[in-house]
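**Student:** Below is the sequence, then the predicted model.
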There are 2 protein chains.
Amino acid sequence: MKPTIRDVAKMANVSISTVSRVMNSPESVVESKKQRVLGAIEELKYKPNALARGLISKKTHTLGVVIPDIRNAYYAEIIRGMEDASKKLGYSLIICNTDADRNRLFSYLNTFYEKQVDGLLYTSDAVFPDYYKELKRLRMPVVLVSTHSMEYELPSVKIDDEQAAYDATAFLIEAGHRSIGMISFDLSDSIAGQTRYQGYVRALREHNLEFSKDNVFFIQEYYHDPYVAAESLLRQAPNLTAVFASSDVLAMGLLSYLYEKGIQVPDEISVIGFDNIRVSSLTIPKLTTVAQPMYQIGYRAVEKLDARIGGEADPQLRELVPHEIIVRGSTRRLK
Amino acid sequence: MKPTIRDVAKMANVSISTVSRVMNSPESVVESKKQRVLGAIEELKYKPNALARGLISKKTHTLGVVIPDIRNAYYAEIIRGMEDASKKLGYSLIICNTDADRNRLFSYLNTFYEKQVDGLLYTSDAVFPDYYKELKRLRMPVVLVSTHSMEYELPSVKIDDEQAAYDATAFLIEAGHRSIGMISFDLSDSIAGQTRYQGYVRALREHNLEFSKDNVFFIQEYYHDPYVAAESLLRQAPNLTAVFASSDVLAMGLLSYLYEKGIQVPDEISVIGFDNIRVSSLTIPKLTTVAQPMYQIGYRAVEKLDARIGGEADPQLRELVPHEIIVRGSTRRLK
DNA sequence: ATGAAAGCGCTAACAA
DNA sequence: TTGTTAGCGCTTTCAT
């Protein structure tokens, strides 16, 4: 059997409270006893049982995280940031993939509640009323990651998606493009879909360019073939000179499609992606893209959640982190 | 406060054991009481505290997983398989990135032990003696994933790396190539490095091709720029007609480098990758690669671990799952 | 400074 | 079938 606090107490010839003390407030234990206890702990390789501790302290030092799909490089990068921050702050992460399925989400929420996680990191997907109600009921501290909520007072960390999409489009416009297409996530996705689409539209408008419905192709976020999306857009709008893709993977699908069709990038069509996932510097040509600081988003989210768990007042409920356009080889300036 | 079993008992006017029974062996409770209890549970939205349960049952229904880095698409895919299997079998996953750092690994092992995880999924990296000793001591059920151990009696799930590398190389040879290079992980990596390298060497030998040291470039697995690796290999061996890259990301770096140099793929050089990560079908040209069933590896590993936790005898300690060559556009047959 | 004892929320004997 | 009771391994009063 695993050694318990009793075994340590017995071996050190003290009471279990003393053992507990050397672990939690060592200064309150007289040196000689402390040494005996430490010796016993070492000898028995004793490690406190986190379940027993959590039962009393009401803290598990465990955070729940829900994401749509870890296979998505974007989320993987965020998770890594979360993990590093968690290590620093003493948390473990339980990670769950929802596939944006509400049943799966609620099922995981339930698991988190039963396992008494200290807080929840909720990534992407808008917060719908049922979900908010459930969160309130469970009284679970939460931080929204790469999503936010204007209706509810929920802390969040993300980039300014509308502005980022605006910047991507404006970058193309300033490079001389007039016929600019977009591959967008569906408008039902209020963050990566709607907002970025609005940024695109605003950029066109503010630069007095005409907006055409045909220049935009909407895809369902999950499991849609990026190659097919590219094909569909180009069929609708064959005369584009530039395309803004809502994600790097979508941009890669586009690159791949254009290559097959013998259309030169960036000579005939410029392509700008979104996210700056790792492989975007290995595409052909190297992808110009709007970089999100994914790692920092995840890292910051955990710090924010930790502060919240600690009962600290949040100076900034909805945090916006900076994005940045990384110019590589897939875009060119039009004469 | 959260409702406890006592609140339910009080409301339903039964003892706490009865409540416990309707949750654990409902058939042993008389219908009328059961209904009252169920009603109270529903009304109070009562959910059992997993810490308290675990303290008694010695089961947390939580698994620890250590991987080098979740940002690596290969691992992300495996994790997803693990997660789905875990959901099916009622486990949660605590995921930790080690960056192949032993201190980090041991630190996480310790956390897992304290948190009383039911088992451990250990991904990649060979099992060194210290680590094995620690596992033995902790008496933690473990399954090795994408790695294995010949010295120790540890269950594992992976492909046959040597054979897969052999097949990749043989595929190139059978397509008429005689001057075949390899970008390999360092030999200190006994799985993805050494074994695949051996497969490459064996394929050459069995086909009576001469082996040249210059045709192979070794990289350190982590944080090495794939682009630079490609450059180094081609400098050492400018006359290759085909290259076998030990991972798809490495292959992408090679594709990118060759493109910059104006070297046509597959016309001048054929490239075959390894893993079949998602983006490998979006490269230019589309990548021929050795596919590993990552998702299944993860999924199977959890099933295997679950069986082990359940005390079942393992019919097959070291499981090999099939790999497969996916022929796409980055390789061609030499006349 | 230290130990005895109560109790976190639950399960599992043991009685009834 | 049901309730009472004794823990699971720990922290935390409360005495001493």
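**Tutor:** Great, that's in hand. Keep in mind the model is a prediction, meaning the values are calculated, not measured.

**Student:** ok, the most centrally placed residue in chain A - contacts?
**Tutor:** Compute the mean C-alpha point of chain A, and by C-alpha atoms, centre = their mean the closest residue is A:I78, 4.4 Å away. By C-beta atoms under 8 Å, 6 or more residues apart in numbering or on different chains, the contact set of A:I78 is A:67, A:123, A:145-146, A:294-295, A:297-298, A:301. C-beta coordinates here come from the backbone N, C-alpha and C atoms, glycine included.

**Student:** what angle separates the helix or strand harbouring it from helix B:73-89?
**Tutor:** Using DSSP states H and E, A:I78 sits within helix A:73-89. Using axes from the mean of the first three to the mean of the last three C-alpha atoms, to 10 degrees, the direction of helix A:73-89 lies 80 degrees away from that of helix B:73-89.

**Student:** Give me the distance between the residue nearest to the residue nearest to the centre of chain A when sequence neighbours are not counted and B:I67.
**Tutor:** For A:I78, ignoring the flanking residues on the chain, the nearest one in space by C-beta to C-beta, 6 or more residues apart in numbering or on different chains is A:G298 at 3.8 Å. Distance from A:G298 to B:I67, counting by C-beta to C-beta, to the nearest Å: 16 Å.

**Student:** And A:L233, by the same measure?
**Tutor:** Noted for A:L233: a distance of 36 Å to B:I67, by C-beta to C-beta.

**Student:** where do the strands sit along the stretch 201-335 of chain A?
**Tutor:** Secondary structure of the stretch 201-335 of chain A by DSSP state E, counting those that start in this stretch: the strands cover A:216-219, A:242-245, A:270-275, A:288-291, A:318-321, A:324-326.

**Student:** Can I get those strands in JSON lines including mean neighbour count, distance to A:G253 and mean pLDDT?
**Tutor:** Listed next are these as JSON lines, based on neighbours: other C-beta atoms under 10 Å in any protein chain shown; distance: least, C-beta to C-beta, whole Å; pLDDT from 0 to 100:
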{"stretch": "strand A:216-219", "mean neighbour count": "22", "distance to A:G253": "10", "mean pLDDT": "96"}
{"stretch": "strand A:242-245", "mean neighbour count": "30", "distance to A:G253": "8", "mean pLDDT": "98"}
{"stretch": "strand A:270-275", "mean neighbour count": "28", "distance to A:G253": "10", "mean pLDDT": "98"}
{"stretch": "strand A:288-291", "mean neighbour count": "25", "distance to A:G253": "14", "mean pLDDT": "98"}
{"stretch": "strand A:318-321", "mean neighbour count": "16", "distance to A:G253": "27", "mean pLDDT": "98"}
{"stretch": "strand A:324-326", "mean neighbour count": "15", "distance to A:G253": "19", "mean pLDDT": "98"}
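
**Student:** Which among these is found nearest to B:E174?
**Tutor:** B:E174 sits nearest to strand A:270-275 of all these, at 36.7 Å, using C-beta to C-beta.

**Student:** The closest residue to A:V243 other than its chain neighbours: what secondary structure?
**Tutor:** Once flanking residues are discounted, A:V243 sits nearest to A:G181: 4.4 Å by C-beta to C-beta, 6+ apart. Secondary structure for A:G181, judged by DSSP: H, G, I helix; E, B strand; the rest coil, is strand.

**Student:** count of residues packed around the nearest residue to A:Y257 once chain neighbours are set aside?
**Tutor:** Leaving out its chain neighbours, the residue that sits closest to A:Y257 by C-beta to C-beta, 6+ apart is A:A230, at 3.7 Å. When neighbours are defined as other C-beta atoms under 10 Å in any protein chain shown, A:A230 has 29 of them.

**Student:** can you check the one 4 residues further on too?
**Tutor:** Residues near A:L234, counting by other C-beta under 10 Å, number 20.

**Student:** residues contacting it?
**Tutor:** A:L234 makes contact with A:240, A:257-258, A:261, according to C-beta under 8 Å, 6+ apart.

**Student:** So which of these sit within helices?
**Tutor:** Residues of these located in helices (DSSP state H): A:257-258.

**Student:** can you tell me which of the contacts of A:L234 lies nearest to DNA strand D?
**Tutor:** Using C-beta to the nearest atom of the strand, A:Y257 is the member of the contacts of A:L234 that lies nearest DNA strand D, at 59.1 Å.
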